[in-house]
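Student: Would you be able to build a 3D model of this:
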Amino acid sequence: MLVGAIEAGGTKFVCAVGNESGEVLDKVTFPTSDPKETLQHVYDFFSSYNISSLGVGSFGPVDLDTTSSTYGMILNTPKLRWKEFQLLEHLTKHFSIPVHLDTDVNAAALGEYMYGAGKDVSSCLYITVGTGIGAGFVNNGKTYKGKSHPEMGHILVQKHVDDDFQGVCPSHGACLEGLASGPAIEKRYGQKGHLLSNRIDVWEIEASYLAQAIMNYSLILSPQRVIIGGGVMKQERLYQLIRKAFTNLMNNYIDVGDIEQFIASPKLKDEQGVKGAIALAIEKGR
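Tutor: Down below sits the predicted model:
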């Protein structure tokens, strides 16, 4: 059985064909432009394959409430050409096969859970720290969705004593994303993060915000593993700094076990999103 997968990002789309083992058999990447042009690229790629179902991890916000009249619609996105675009309807109408839609970060979490750093646990949280910050949660093979999908990048955190930066989030200013995303680092210091590798103060402040977030998520969701990826996490020293800050904050309140195992790096590199979409397609196709 062949299934299709789409990692629908705000910057680029990744389309893939996979099998029931989660293997990527073919893949293509192209920039996210307007919906008509982008979806034509999608249709062209899959036209060579007889796929039985399609999994989609999409940028958002996206309506995932199956009882909603706007189910499957991209909502109030800053990508104006995609605002109120009925993504699920267009895909279902074109392919006439089951299509399973989730957020891009939920799909990434499912990918790591099924095939990567979370495959030996029953629940895991995946956090991506890059242009924005988002997180997805998987428990017993199911991604979490409530009234809407989680927006964990926008939680409020306490400001670091040495940080007077006001944040870059247009809605909340100094929320987690406003303080710890890639654009926040660049705005605060006037340089992109990869040019600040030798500035330990930069990464101690960054780690303090991410550790606070992980403590909050851990107390609420109680995941067995927390996996952190994204462009900012290319700074390898961050993992140890986050583990140290998290341990200090938690102060033995909850025993998370081996901290090196509890807070982990991804194993799927840059394929967790598309592999998660494959997993969505497999589940929907059953």
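
Student: which ones are touching G9?
Tutor: 32, 59, 104, 273 (C-beta atoms under 8 Å, 6 or more residues apart in numbering). Heads up, the C-betas are built off the backbone N, CA and C, glycines and all.

Student: Now restrict those residues to buried residues only.
Tutor: Neighbour counting by 16 or more other C-beta atoms under 10 Å classes 32, 59, 104, 273 among the contacts of G9 as buried.

Student: gap between A16 and L110?
Tutor: Here the criterion is C-beta to C-beta, to the nearest Å. By it, A16 lies 14 Å from L110.

Student: hang on, the earlier thing: reformat the contacts of G9 as JSON lines; add distance to G229 and secondary structure.
Tutor: Output for those, formatted as JSON lines (distance: C-beta to C-beta, whole Å; DSSP: H, G, I helix; E, B strand; the rest coil):
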{"residue": "T32", "distance to G229": "20", "secondary structure": "coil"}
{"residue": "F59", "distance to G229": "16", "secondary structure": "coil"}
{"residue": "D104", "distance to G229": "12", "secondary structure": "helix"}
{"residue": "G273", "distance to G229": "10", "secondary structure": "helix"}
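
Student: Could I get those residues in CSV, plus columns for pLDDT?
Tutor: Shown next, in CSV, are these (pLDDT from 0 to 100):
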residue, pLDDT
T32, 96
F59, 94
D104, 95
G273, 96
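
Student: what residue lies at the spatial centre of the chain?
Tutor: Residue closest to the mean C-alpha point of the chain, counted by C-alpha atoms, centre = their mean, is V105 at 2.3 Å.

Student: Work out for me the element it sits within.
Tutor: Assigned by DSSP states H and E, V105 belongs to helix 104-115.

Student: Show me what that helix is packed against.
Tutor: Judged by 3 or more C-beta pairs under 8 Å, 6 or more residues apart in numbering; DSSP states H and E, helix 104-115 is in contact with strand 3-8, strand 54-58, strand 123-129, strand 133-139, strand 142-143, strand 225-229, helix 272-285.

Student: from the middle of its chain, how far away would that helix be?
Tutor: 8 Å (C-alpha atoms, centre = their mean, to the nearest Å).

Student: swap in stretch 71-85?
Tutor: Computed by C-alpha atoms, centre = their mean, the chain-centroid distance of stretch 71-85 equals 18 Å.

Student: gap between the two ends of it?
Tutor: Using C-alpha to C-alpha, to the nearest Å, one end of stretch 71-85 lies 11 Å from the other.

Student: what's K83 in contact with, if anything?
Tutor: 74-77.

Student: The longest helix anywhere in the chain packs against which elements?
Tutor: Taking DSSP state H as the criterion, the chain has its longest helix at helix 200-221. Helix 200-221 makes packing contacts with strand 123-129, strand 133-139, helix 176-180, helix 182-189, strand 225-229, helix 237-250 when contacts are defined by 3+ C-beta pairs under 8 Å, 6+ apart.

Student: quick revisit: higher neighbour count, A16 and L110?
Tutor: L110 (32 against 26; other C-beta atoms under 10 Å).

Student: and the gap between the more buried one and N19?
Tutor: From L110 to N19 the distance is 16 Å (C-beta to C-beta).

Student: ok so, going back, could you give the angle of the longest helix of the chain to strand 133-139?
Tutor: Interaxial angle of helix 200-221 relative to strand 133-139 (axes from the mean of the first three to the mean of the last three C-alpha atoms, to 10 degrees): 30 degrees.

Student: Pull out the buried positions in helix 200-221.
Tutor: So, applying 16+ other C-beta under 10 Å, buried residues of helix 200-221: 202-218, 221.
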